[in-house]
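Visitor: here you go, sequence then predicted model.
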Amino acid sequence: MPVFLGGLAAALLGVGDFFGGVGGRRIDHRGAVVAIAWVASCVGAAVAGLFVLVFPPAHFGRIDFYWTLVALVFAATVRPLLYFSMERGPMAVVAPTFSLVSLVIPAVVGPLTGDPLGGAELAGVALAMPAVLLIASDGKLPTNRSLWSGEALLLGCSVGALLGCLSLAFAQISPDAGAMPAFITQLGAIGIIPLITRPFRLMAPLSPDVRRFGLLVGLIDIGAVIATVIAFQRGNVAVVAAMLGFAPVTTMTLAWRVYHEAVRRWQWVGAALGAAAIILFSTAT
C-alpha cells in the first residue's frame, strides 16, 4: 500500500506541476506560479478539511502535532524556494541536484532513526538515484562553468535538503493521524507563503487566470499531499521518497504529448530504471 500511495502521489504531483507550469506560461506576470501555488494551498486546505471531517483521524496526539508543525515549515518554505530556483537556474544543475539530495537524506537518515531498508528496497533506492538524475536532467549536461557557479548548487542543495527533511518529518507521524497533517500543512501554507515571498515581490496579483489554474492545481495536488502523508506514515521513508522522485516522469510525458517537447533518450532510460525500482519496492517483504 505505501508503494502504491507513493506512486499515486508522484503521478498527481507530476500532473499538478505540469498545469502549474502551463499557468506560468500563459499568465504573463512575474510571480504567477507562486500565486497559483498560494491559491492551490487555499483549495487544498478546504478539500483536506472536508476529508478530515468525513474520515477523522483515529488519534492525533501532541507529538503528531509537533511533527506536523515541523513539516509545515519545511513544506511552506520549499515551494517558493523551488520556484525561485527554477527561475534562476540553470535547471540542468538545479533539478538533478535537489532530486538527488532529496533522495539521499531519507536513505541515510532513515536507517539511523529505526527505519532500515531490506535488500530489495536498498537495491530499489540505488536504482532510483540515477533514474531520478536522468529524468530531472531535462536532457542537458551541465557545463563546468554552470556546475561550479555556486548559486545553482546552493539552491539545488537547499531545496533538496528541505524536501528530504519534509519526508523525515512526515515519517515521524503516527499512522493513526490520518490526513490531519495534510490539512494543517495546507492551512499553514496559506499564511506562510505570502510571508516568505512578499518581501521579494515574488507573488503576482490574483487575476482570474491565476484563480482558475490555482483551483485546478489545488484539486490535483491535495490528492497527492494526502497520499504522501499516509504513505510516509505507513511505509519506509527512503522508499516513499524514492517513489515521489519519479513525479517528473508524469510532467515529462504530458509535456511530450501535449506540447510535443523533446524528450531525450536518457530520460526514457531513467524512466525504465525507475520502473525497475518500483518493481523492486513492490516485491519487497
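Guide: Yep, that arrived.
Visitor: lowest average confidence, helix or strand, in this protein?
Guide: For the chain, counting by mean pLDDT, DSSP states H and E, helix 144-147 ranks last in confidence among helices and strands (a mean of 52).
Visitor: so which other helices or strands are in contact with whatever helix or strand comes next after it?
Guide: Tracing the chain past helix 144-147, the next element assigned as helix or strand by DSSP states H and E is helix 151-171. When contacts are defined as 3 or more Cβ pairs under 8 Å, 6 or more residues apart in numbering; DSSP states H and E, helix 151-171 sits against helix 62-88, helix 91-112, helix 208-234, helix 237-244. For glycine as for every other residue, the C-beta is placed from the backbone atoms N, C-alpha and C.
Visitor: make a markdown table out of those helices and add mean pLDDT and distance to Thr283.
Guide: What follows is the helices and strands packed on helix 151-171, written out as a markdown table (pLDDT from 0 to 100; distance: least, Cβ to Cβ, whole Å):
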| stretch | mean pLDDT | distance to Thr283 |
| --- | --- | --- |
| helix 62-88 | 83 | 30 |
| helix 91-112 | 76 | 19 |
| helix 208-234 | 93 | 17 |
| helix 237-244 | 84 | 12 |
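Visitor: phi, psi of Val22?
Guide: Phi and psi for Val22, reported as degrees, to the nearest 10, are phi -60, psi -40.
Visitor: right, and it touches Leu216 too?
Guide: No - the criterion here is Cβ atoms under 8 Å, and Val22 misses it with Leu216 at 9.3 Å.
Visitor: what sits in contact with each of those two?
Guide: Counting by Cβ atoms under 8 Å, 6 or more residues apart in numbering, no residue touches both Val22 and Leu216.
Visitor: contacting residues around Arg26?
Guide: 209, 213 are the contacts of Arg26 under Cβ under 8 Å, 6+ apart.
Visitor: distance of it from Ala32?
Guide: 8 Å (Cβ to Cβ, to the nearest Å).
Visitor: now swap in Ser174 and tell me
Guide: Distance of Ser174 to Ala32, computed by Cβ to Cβ: 38 Å.
Visitor: quick one: which of the two has more around it?
Guide: Set Ser174 next to Ala32 and count neighbours by other Cβ atoms under 10 Å: Ala32 wins out with 23 against 16.
Visitor: nearest spatial neighbour of that one, chain-adjacent residues omitted?
Guide: In space, and not counting its chain neighbours, Ala32 is closest to Ala204: 4.5 Å by Cβ to Cβ, 6 or more residues apart in numbering.
Visitor: so how many other residues sit close to Met129?
Guide: By other Cβ under 10 Å, neighbour count at Met129 equals 18.
Visitor: where does Gly21 sit, in terms of helix or strand?
Guide: With DSSP H and E as criterion, Gly21 is part of helix 2-26.
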